[in-house]
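*Asks:* Predicted model, plus sequence, below.
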Amino acid sequence: MIRLNSRSPVPDHLRGAILALGNFDGFHRGHQAVVGEAIRRAREQGRPAIVATFDPHPVRFFDPEAEPFRLTTLDQREEFFAAAGADAMLVIGFDTDIANMSAQSWVVDGLHQHLGAAGVVTGEDFTFGKARSGNPQVLRELGAPLGLEAVTVGPVHDDTGPISSSRIREALKAGETETATALLTRPFAIRGVVQHGDKVGRTIGFPTANLPLDTYLRPRFGVYAVTGRIIGEDRLLQGAANIGIRPQFDPPKELLEPYFFDFSEDLYGREIEVAFHHFLRPEAKFASLDALIEQMRKDCDRARALLSPQG
């Protein structure tokens, strides 16, 4: 998988590509349909397939104070796009210049001249250009004279309605991990580099790996049954994790703290990914450290049962 930057020239062998264009944060079932159609058309026509995504997200550009909402990082999206069969990921750096581009400039100067795209696939609700002046119809009208084919893919539905990133965020904020997993086709996962903490967990028999939450959406704070993997390795670890502000300890600090069962290796400075499978309970402050330890034992027993093949 090649990672391209929108500010740099596109390599000659990737010009003439079919481009999937969208935010694709989460890469849920609806996003997978758009990207899948672009890849299908590219293979059918003997062309490269490129997936374009925005970073930062336009919402973050227009509202820097917005609460964290990201479902994936660029690295995670790159892995998803590669697994889907794309040849490259194009990162569009959303800045003032991009925000002020007209819809016509987007198509003529950007997609046609700069990228050399032969076709573009979007969702039906995709907008682009200054003040969202462009939409799939505008894309078709501006692209046709240039030989740029524009195709839209309708929303993917389940029994509740259209699948969207908003629905996934709502589910995660409610602790409904199973719903989020069904919409994403995989568990929501947070990736980061393990930091040094206060090491309290070691003293009570539950050594945890401390991960910052960064720009990720904050799911419902509490304790979860999780799996973890060390980036670059194939092992899958099982465990229980607390995400939140740690009300038992001062000062409050937002952290993800997974405890992996039957695991004692040093993870400091290593990049890991923690996937959320089941919500166990909300965060709580206990009357004593002994009461907390007893509850943690119960949490781990329940997590083990839920994560077992029979769970």
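*Replies:* Cool, the structure landed.
*Asks:* Please give me every residue in contact with the nearest residue to residue 220 once chain neighbours are set aside.
*Replies:* Leaving out its chain neighbours, the residue that sits closest to residue 220 by CB to CB, 6 or more residues apart in numbering is residue 175, at 3.6 Å. C-beta coordinates here come from the backbone N, C-alpha and C atoms, glycine included. By CB atoms under 8 Å, 6 or more residues apart in numbering, the residues touching residue 175 are 219, 220, 222, 279, 282.
*Asks:* what's the helix or strand for the fourth one?
*Replies:* Yep, that's residue 279 we're talking about. strand 271-282 (DSSP states H and E).
*Asks:* Tell me which residues of that strand come out buried.
*Replies:* 272, 273, 274, 275, 276, 277, 278, 279, 280 (16 or more other CB atoms under 10 Å).
*Asks:* possible to save the residues you listed as CSV with distance to residue 227?
*Replies:* Formatted as CSV, the buried residues of strand 271-282 follow (distance: CB to CB, whole Å):
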residue, distance to residue 227
272, 11
273, 9
274, 8
275, 5
276, 9
277, 6
278, 11
279, 14
280, 14
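*Asks:* what's the closest of those residues to residue 168?
*Replies:* Distance to residue 168, by CB to CB, is smallest for residue 276 among those, at 11.8 Å.
*Asks:* Wait, the closest one touches residue 187, no?
*Replies:* Yes. Contact criterion CB atoms under 8 Å: residue 276 and residue 187 qualify, at 5.5 Å.
*Asks:* any shared contact partners between the two?
*Replies:* Counting by CB under 8 Å, 6+ apart, the residues touching both residue 276 and residue 187 are 177, 180.
*Asks:* The spatially most central residue of the chain: what's it in contact with?
*Replies:* By CA atoms, centre = their mean, the mean C-alpha position of the chain lies nearest to residue 72, the distance being 1.7 Å. Shown in contact with residue 72 (CB under 8 Å, 6+ apart): 25, 26, 27, 80.
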